[in-house]
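>>> One predicted model, sequence on top.
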Amino acid sequence: MILQSTDRRAERLIASLPYALRLSVTRQRFPHVVERIAAEWEAPGRFLQLMDELLIDQRGHRAGFPFDCILELTNLREYYLNRLKIGRRGQPADRRGVWGAGPGPNATRSRSPL
């Protein structure tokens with residue numbers, strides 16, 4: 001099992017990411033953060049809002065994450081944004097689901113705002 005948590009969605013997300021982006025430090029120290037990320041992964045607006053909340057202190061007087069966690073979260077955000085850009089250009093990535101599986105060659109495309 002990847003996480004000590006029972007959150008299967010988080011486990012699947014981590015397993016689907018390139019090895020370098022699997023949030024190893026964040027998973028160990030802040031598993032609840034990984035669960036929140038997984039919960040918003042398929043909703044770009046909410047995911048990016050969550051990442052901003054995690055990376056930018058809006059409330060003040062907070063210690064924040066350790067540098068290695070910030071680096072992992074920043075790299076994950078960049079990866080996510082790059083996948084969105086590819087998908088918007090109509091490349092094959094826009095047909096892939098969050099776990100990397102595509103709908104198949106005969107599936108119809110949904111009318112998504114992205």
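Now that the structure is in, tell me what you want to look at.
>>> Only C-alpha atoms from now on, for both contacts and neighbour counts.
Noted.
>>> check which helix or strand covers residue 84.
helix 67-88 (DSSP states H and E).
>>> buried ones in that helix?
69-74, 76-77, 87 (16 or more other C-alpha atoms under 10 Å).
>>> center of the protein - which residue?
The geometric centre of the chain, computed from its C-alpha atoms, lies nearest to residue 41 (C-alpha atoms, centre = their mean), at 4.7 Å.
>>> Quick check, pLDDT for the closest residue to residue 39 other than its chain neighbours.
Nearest-residue entry for residue 39: residue 9, 7.2 Å, with adjacent residues in sequence omitted and distances by C-alpha to C-alpha, 6 or more residues apart in numbering. On the pLDDT scale, residue 9 is placed at 92.
>>> Model confidence at residue 13, what's the number?
Per-residue pLDDT puts residue 13 at 95.
>>> State the number of residues packed around it.
Using other C-alpha atoms under 10 Å, residue 13 is surrounded by 19 other residues.
>>> The host helix or strand of it: what's the following helix or strand?
In this structure, residue 13 sits in helix 8-16 according to DSSP H and E. Next along the chain after helix 8-16, taking DSSP H and E as the criterion, comes helix 24-29.
>>> Fine by me, thanks again.
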